[in-house]
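**Student:** would you be able to build a 3D model of this:
(one chain, ligands or ions: 1)
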Amino acid sequence: MNAMMPTKPEKKRFPHATVIVLAMVLLVVLLTCVPYLVTIALAQGPAQRDARDASPIFGVIIPEGYRQWELIAPAEEVAPLNELRAVIGNKIAINAYQDGKLPFSDGTVLVKRAWKRQQSPDFASATIPGAATTVQVMVKDSQKYAATGGWGFGRFINGKPVDEAQHRTCFACHEARAKGHDYVFTRLAP
Ligand code: HEC
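**Tutor:** Have a look, this model is predicted:
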């Protein structure tokens, strides 16, 4: 009986050790996988979009749900463009406008929607939006876009970005005329 004593705990210790080793292996596997899983989860959103949907130079995309954003101000462009425009912004943008806060904080997104000016078929003197022309986007990220006043630009036609040459013009004009207002032309409509 006494001779059996040392073997019993020995037998018990073995499965114990196996469980511990298994647990450790599991832990290591989990710890190795978690960063990958997180990366995959985070990449889900942008991954659904095509890389070709991002603007050249800046990699700006049309923001999700922008059609529901609040109006900052309308604008109108005379010939040859003949457009009606509406500048809208995300919540961060709207808050900054309401507080009169400049410069705009990182995360600010401004969108300019534009349509051909069209005479109303119902009322001669009324002008209504015709075909949509461009969607233009400005995204504030002071680090990423440090070279262009903290703004990334995107101009889209039918959901696709226009060429790089056009994207080279954005900051120059905004800088020349709107530098004193954090490179943004549009003021909150009274
Ligand atoms: C020649 C000048 C000029 C160029 C070039 C230009 N913009 Fe603008 N942008 C304006 C003006 C003026 C406004 C004010 C609204 C309006 O009149 O349409 C404006 C407004 C905007 C707005 C709304 C926020 C604001 O500043 O009022 C966005 C977004 C925008 N532009 C994006 C772009 C992008 C993207 C490009 C390049 C592809 C670009 N712009 C090139 C003149 C310019």
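**Student:** so Ala75 lies in a strand, does it not?
**Tutor:** Yes - assessed by DSSP: H, G, I helix; E, B strand; the rest coil, Ala75 belongs to a strand.
**Student:** nearest residue to it other than its sequence neighbours?
**Tutor:** Arg85 (4.2 Å; C-beta to C-beta, 6 or more residues apart in numbering). C-beta here means a position set from N, CA and C on the backbone, and glycine is covered the same way.
**Student:** pull the residues that contact the lengthiest strand in the chain.
**Tutor:** Looking across the chain with DSSP state E, the single longest strand is strand 127-140. By C-beta atoms under 8 Å, 6 or more residues apart in numbering, the residues outside strand 127-140 that reach it are 55, 58, 60-63, 66, 81, 83-84, 103-120, 145, 150-157, 159, 162, 184.
**Student:** now the phi/psi pair for Asn82, please.
**Tutor:** phi 50, psi 60 (degrees, to the nearest 10).
**Student:** okay, and the helix or strand of this structure with the least pLDDT?
**Tutor:** Using mean pLDDT, DSSP states H and E, the weakest-scoring helix or strand in the chain turns out to be helix 7-47, at a mean of 64.
**Student:** the host helix or strand of the residue nearest to Ala75 pairs with which strands?
**Tutor:** Using DSSP states H and E, Arg85 sits within strand 83-89. When pairs are called by DSSP bridges, strand 83-89 turns out to pair with strand 70-77 (antiparallel), strand 109-119 (antiparallel).
**Student:** kind regards, and thank you for your time.
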